[in-house]
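Engineer: pasting the sequence and the predicted coordinates here, then a few questions.
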Amino acid sequence: MVDLSKTYDVLVIGGGNAALCAAISARREGASVLVLEAAPKFYRGGNTRHTRNMRCAHDAATDTLTGPYSEEELWTDLLRVTEGHTNEDLARHMIHESKEMLVWIAEQGVRFQPSLGGTLSLGRTNSFFLGGGRAMLNALYKTAESLGIDILYEAPVVDLDIDGATFRAATAEIAGRRNIVRAAALVAACGGFEANIDWLKEYWGPPAENFLIRGTRYNQGSVLKMLTIRGVEQIGDPTQCHAVAIDARAPKYDGGIITRLDCVVFGIVVNKEGKRFYDEGEDVWPKRYAIWGRLVAAQPDQIAYIIFDAPSLKMFMPSCFPAIQAPTLDELAGKFSLDAATLKNTVAEFNAAVRPGTFDHTILDDCRTEDLTPPKSHWARRIETPPFYGYPVRPGITFTYLGTRVNKQARMMMADGREAANMFAAGEIMSGNVLGRGYAAGIGMTIGSVFGRIAGREAARNARN
Ligand SMILES: Cc1cc2nc3c(=O)[nH]c(=O)nc-3n(C[C@H](O)[C@H](O)[C@H](O)COP(=O)(O)OP(=O)(O)OC[C@H]3O[C@@H](n4cnc5c(N)ncnc54)[C@H](O)[C@@H]3O)c2cc1C
């Protein structure tokens, strides 16, 4: 039984990777630790449940990584994807600490595997969790329990008592009752606000109603909001997030990676008016997949359709839902309630603009269109061989970047420039410190693991003093 009348050394809010790394790290420093997770046990672990890998610097190949990935190279990659919208000091610190993570996280029971087909381009840089994010979490929870960390599920934090720059207590709603939870230090590791449609609407307007949330419904950003209202400095652009195009048939929440569609480069993408709106062959897919969430978000009713023909069907990783098939473009248009004449015209214009080339989807090939707006710069092949296929797509929000400002100790910074006395943050809730925009696959878990470990350690030391 968890005794809520006692004062813990460290309270961790959240139940994903960042929270568990923080809790374990604090406990290993000798602190008593309570974890409050909003979700029921089955859904514990937030967005971390959906992950597959993390990106850490390392000096040499390992059993599961094909070669070295230096700190400098990781930094260069981060700088490129963020276009400089990152805190160099903090990011370099994270990258340096990431080198220890592959060992540390394995010591907490997590196992890795080599990357599989379809993800081979990440085989040198990213470590894949054996069994995926859920197995990774199960290992962390098992370790946490064995260390004597108290964990409560269905225990959302609904209020925070903060006096100046000092955390005093949290209020958790458990079984319909509000409980005051006291601790000497706080680690907030409870995600972004990506599942809070009303909050998203503040920046995106009514279109946000049509966004699908790829991960947990529990990341409502309520703690982030409370912290901000109580004087913690916010960081990041609220409109910046990771968003991809996912199957429009995906559930509102928790569709996960199996609803992602990687076939944009093989066909054309039209909006509900049957018109193309962006270069589907701009760059290799891993570099471009994260722009399509935003592109679809800007279309009428936030819906679009990927259209391709028979030769492309087996060329990409299948998703959870089958492609919609029709013997003619007329019938395919009907299945999507698109105007058949417009769709056929769009395809005809596209086909007429395709120039001969040697198709190779593994490189930036020479199959492109000419005199077409927007162009298709690579992998342009005529869409002419029935049956014809289509996927309806909507913006799928992965996670938001707005967060709390922290320093290298993962200690929150107050809006008036002071350091928080006993408040720390890790994971999505502070990702905006490192990710001002853009994304590099696997960096979300790096942010959570590295800053989680630091936050837990620092919170424990803070509690002791
Ligand atoms: C489909 C998908 C695939 C992804 N794949 C990858 C990948 O392969 N690699 C990668 O690096 N990143 C990936 N990401 C991003 C990654 O999931 C996140 O960056 C990472 O999991 C964040 O960890 P976190 O602990 O900060 O947040 P989360 O894992 O989301 O955990 C937040 C926790 O806080 C809890 N919580 C929220 N509010 C409260 C409250 N008020 N009180 C108590 N608890 C609360 C939630 O229930 C949840 O348990 C993926 C995301 C998605 C959605």
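Structural biologist: Alright, I've got the coordinates. Computed from a predicted structure; not experimentally measured. Numbers count the residues shown, from 1 in each chain.

Engineer: how much space separates the nearest residue to L36 once chain neighbours are set aside from the ligand?
Structural biologist: Distances taken as Cβ to Cβ, 6 or more residues apart in numbering put A155 closest to L36, at 4.5 Å, once the chain neighbours are dropped. Just so you know, the C-beta spots here come from the backbone N, C-alpha and C atoms, and that holds for glycine as well. In this view, A155 and the ligand are 6 Å apart by Cβ to the nearest ligand atom, to the nearest Å.

Engineer: how about G334?
Structural biologist: 32 Å.

Engineer: can you check I180 too?
Structural biologist: I180 is 15 Å from the ligand, by Cβ to the nearest ligand atom.

Engineer: secondary structure of that residue: a helix, I assume?
Structural biologist: No: under DSSP: H, G, I helix; E, B strand; the rest coil, I180 sits outside any helix and is assigned strand.

Engineer: can you list the low-confidence ranges for the stretch 101-250 of the chain?
Structural biologist: Applying pLDDT under 70 to the stretch 101-250 of the chain flags residues 117-120.

Engineer: what do you get if the cut-off is 80, keeping everything else the same?
Structural biologist: Counting by pLDDT under 80, the stretch 101-250 of the chain has low-confidence residues at 116-121.

Engineer: helices of that one, start to end?
Structural biologist: 132-146, 197-204, 222-229 (DSSP state H, counting those that start in this stretch).

Engineer: thinking again about what came up before, right, and the residue nearest to L36 touches A172 too?
Structural biologist: Yes: contact criterion Cβ atoms under 8 Å: A155 and A172 qualify, at 4.7 Å.

Engineer: residue numbers of the stretch 1-150 of the chain in contact with the ligand?
Structural biologist: Residues of the stretch 1-150 of the chain found near the ligand (Cβ under 6 Å from any ligand atom) are 13-19, 36-39, 45-48, 50-54.

Engineer: next, give phi and psi for the spatially closest residue to L147 that is not a sequence neighbour.
Structural biologist: Spatial nearest neighbour of L147, chain neighbours left out: R27 (4.6 Å); criterion: Cβ to Cβ, 6+ apart. Phi and psi for R27, reported as degrees, to the nearest 10, are phi -70, psi -40.

Engineer: residues near R27, how many?
Structural biologist: Here the count is done by other Cβ atoms under 10 Å, and R27 has 22 residues near it.

Engineer: right, and it touches S146 too?
Structural biologist: No: between R27 and S146 there is no contact under Cβ under 8 Å: 10.0 Å.

Engineer: just to revisit the earlier point, of the residues of the stretch 1-150 of the chain next to the ligand, which belong to helices?
Structural biologist: Within these, residues falling in helices by DSSP state H are N17, A18, A19.

Engineer: tell me the contacts of the second one?
Structural biologist: By that I understand A18. With contacts defined as Cβ atoms under 8 Å, 6 or more residues apart in numbering, A18 is in contact with A189, A426, G427, E428, I429, I447, G448, S449, F451, G452, A455.

Engineer: give me the buried entries from the residues you listed.
Structural biologist: A189, A426, G427, E428, I429, I447, G448, S449, F451, G452, A455 (16 or more other Cβ atoms under 10 Å).

Engineer: enumerate every residue touching the residue nearest to N219 when sequence neighbours are not counted.
Structural biologist: Leaving out its chain neighbours, the residue that sits closest to N219 by Cβ to Cβ, 6+ apart is G191, at 3.3 Å. By Cβ under 8 Å, 6+ apart, G191 lies in contact with G14, G16, G46, N47, T216, Y218, N219, G221, F399, G427, E428, I429.

Engineer: the second one - how many residues pack around it?
Structural biologist: Yep, that's G16 we're talking about. By the criterion of other Cβ under 10 Å, G16 has 33 neighbours.

Engineer: do you know how far R52 is from R260?
Structural biologist: For R52, the distance to R260 equals 11 Å [Cβ to Cβ, to the nearest Å].

Engineer: on that earlier part again, just send the ones in helices among the residues of the stretch 1-150 of the chain next to the ligand back as CSV, with pLDDT and distance to D366 too.
Structural biologist: Formatted as CSV, those follow (pLDDT from 0 to 100; distance: Cβ to Cβ, whole Å):
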residue, pLDDT, distance to D366
N17, 98, 42
A18, 98, 45
A19, 98, 49
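
Engineer: not counting its own residues, what contacts stretch 347-364?
Structural biologist: Stretch 347-364 has contacts (Cβ under 8 Å, 6+ apart) with 265-266, 268, 276, 283-284, 307, 315, 329, 365-372, 375-384.

Engineer: now the buried members of those.
Structural biologist: 265-266, 268, 276, 284, 307, 329, 365, 367-369, 372, 375-381, 383.

Engineer: so of those residues, which ones are in helices?
Structural biologist: Counting by DSSP H, the buried ones among the contacts of stretch 347-364 place L329 in helices.

Engineer: need the strands for the stretch 151-300 of the chain, in chain order.
Structural biologist: With DSSP state E, counting those that start in this stretch as the definition, the stretch 151-300 of the chain shows strands at residue ranges 157-163, 166-174, 177-188, 212-213, 234-235, 241-247, 268-271.

Engineer: which strands and helices lie in contact with the fifth one?
Structural biologist: This points to strand 234-235. strand 403-404 (3 or more Cβ pairs under 8 Å, 6 or more residues apart in numbering; DSSP states H and E).
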